[in-house]
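Peer 1: using only what follows, build the 3D model:
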Amino acid sequence: MKEQSQRINEIIDVCLLAGDIMLKSGAETYRVEDTMTRIAAAFDDRASQCFVMPTGIIFSIDGTDPTKLIRVSERSTDLQKVADVNHVSRKISSGELSLKEAYLQLKAIEKAELTYSIWQRILSASIASGCFLIMFKGGWFDFLPACVAGGLGFAGLVYFHRLIQLKFFAEFLASLIIGVLAVGLTHFGLGHEMDKIIIGSVMPLVPGLLITNAIRDLMAGHLVSGLSKGAEAFLTAFAIGMGIAFAFAL
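Peer 2: Residues are numbered from 1 along each chain as shown. Down below sits the predicted model:
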């Protein structure tokens, strides 16, 4: 009985670890619940119950075993980790991994630094800003100003997010930097179309993944998660708009 209880606890730990990695890496709520349920079913024939929110996970296996809760305080975007956890889940379902092997592989995924370096992300945001400007029918003369404004704005987002834990203020200050740079560059003749420069530069800040996940969660019936992610996306969009408006006011 004691060994069975210990095994159930180990299964719950593996499921919670998988769900924690996926939720922190930007996976949809229904995908997290489905992965956890499949892992539990592969190791034990009893039904499992899980409830996932953007800020926490509750999981239990039917019986007398305790329910466990973990809190998720920080979330980012790392879809490679989501794909890796899905790969481990498939191997578990096919019987290729034992409980201990699955736990060790998930721990390795959790500790792995799969995201690009800060400078690579800033450079990518810079180039993307210029490309978005061209996509929105801006002129090639404004390509470099958009790259400068977008890159410095994204760098400001990274810096201010480390300095201030509230995302709203980091996004507000980053968009403020973009607005001031766009106004300044056009004022000194280094840019022509200020509106196109601003639109292209703020695109790396737009919460596209949040909006997509919110819609997919709502369509899957996860109303709490869908509405909360939608509210978070709205606050981000509001912060970006407020930053640009404040730059115009200055």
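
Peer 1: centre of the chain to the helix or strand that Asp13 is a member of, how far?
Peer 2: Assigned by DSSP states H and E, Asp13 belongs to helix 2-24. Mean-position distance between helix 2-24 and its chain equals 23 Å (CA atoms, centre = their mean, to the nearest Å).

Peer 1: for it, which positions count as buried?
Peer 2: When neighbours are counted by 16 or more other CB atoms under 10 Å, the buried residues of helix 2-24 are found to be 8, 11-24. C-beta: built from backbone N, CA, C; applies to glycine.

Peer 1: tally of neighbours for the nearest residue to Leu181 once chain neighbours are set aside?
Peer 2: Counting by CB to CB, 6 or more residues apart in numbering, Leu181 lies nearest to Ala149, which is 4.2 Å off, once chain neighbours are set aside. Burial of Ala149, expressed as a neighbour count using other CB atoms under 10 Å, amounts to 30.

Peer 1: in contact with Ala149, which residues?
Peer 2: If you count contacts by CB atoms under 8 Å, 6 or more residues apart in numbering, Ala149 has them with 129, 177-178, 181-182, 185, 197-198, 201.

Peer 1: for the helix or strand where Leu133 lies, which positions count as buried?
Peer 2: With secondary structure defined by DSSP H and E, Leu133 is part of helix 118-135. Of the residues in helix 118-135, those buried by neighbour count under the rule 16+ other CB under 10 Å are 121-123, 125-133.

Peer 1: per-residue pLDDT, the closest residue to Ser124 other than its chain neighbours?
Peer 2: Taking CB to CB, 6+ apart as the measure, Ser124 lies nearest to Tyr116, with 7.3 Å between them; neighbours along the chain are not counted. Reading off the per-residue confidence, Tyr116 sits at a pLDDT of 76.

Peer 1: next one: Gly156
Peer 2: Gly156 carries a pLDDT score of 90 in this model.

Peer 1: kindly report the same for Thr64.
Peer 2: At Thr64, the pLDDT value in this model is 60.

Peer 1: which is the next helix or strand following the strand or helix carrying the residue nearest to Leu181?
Peer 2: Secondary-structure element containing Ala149, defined by DSSP H and E: helix 143-163. Under the assignment DSSP H and E, the closest C-terminal helix or strand after helix 143-163 is helix 167-187.

Peer 1: quick one: buried residues of that next one?
Peer 2: Applying a neighbour-count criterion of 16+ other CB under 10 Å, the buried positions in helix 167-187 are 167, 170-183, 185-186.

Peer 1: equivalent analysis for stretch 235-249, please.
Peer 2: With the criterion 16+ other CB under 10 Å, stretch 235-249 contains buried residues 236-237, 239-240, 243-244, 247.

Peer 1: contacts for it next, please.
Peer 2: Here stretch 235-249 makes contact (CB under 8 Å, 6+ apart) with 167-169, 171-180, 182-183, 198, 202, 205-207, 210.

Peer 1: related to what we said a few turns ago, now pLDDT and distance to Leu218 too, for the contacts of Ala149, in JSON lines please.
Peer 2: Supplementary listing: the contacts of Ala149 in JSON lines, determined by pLDDT from 0 to 100; distance: CB to CB, whole Å:
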{"residue": "Ser129", "pLDDT": "93", "distance to Leu218": "30"}
{"residue": "Ile177", "pLDDT": "93", "distance to Leu218": "33"}
{"residue": "Ile178", "pLDDT": "93", "distance to Leu218": "30"}
{"residue": "Leu181", "pLDDT": "92", "distance to Leu218": "36"}
{"residue": "Ala182", "pLDDT": "91", "distance to Leu218": "34"}
{"residue": "Leu185", "pLDDT": "89", "distance to Leu218": "40"}
{"residue": "Ile197", "pLDDT": "92", "distance to Leu218": "34"}
{"residue": "Ile198", "pLDDT": "92", "distance to Leu218": "30"}
{"residue": "Ser201", "pLDDT": "92", "distance to Leu218": "30"}
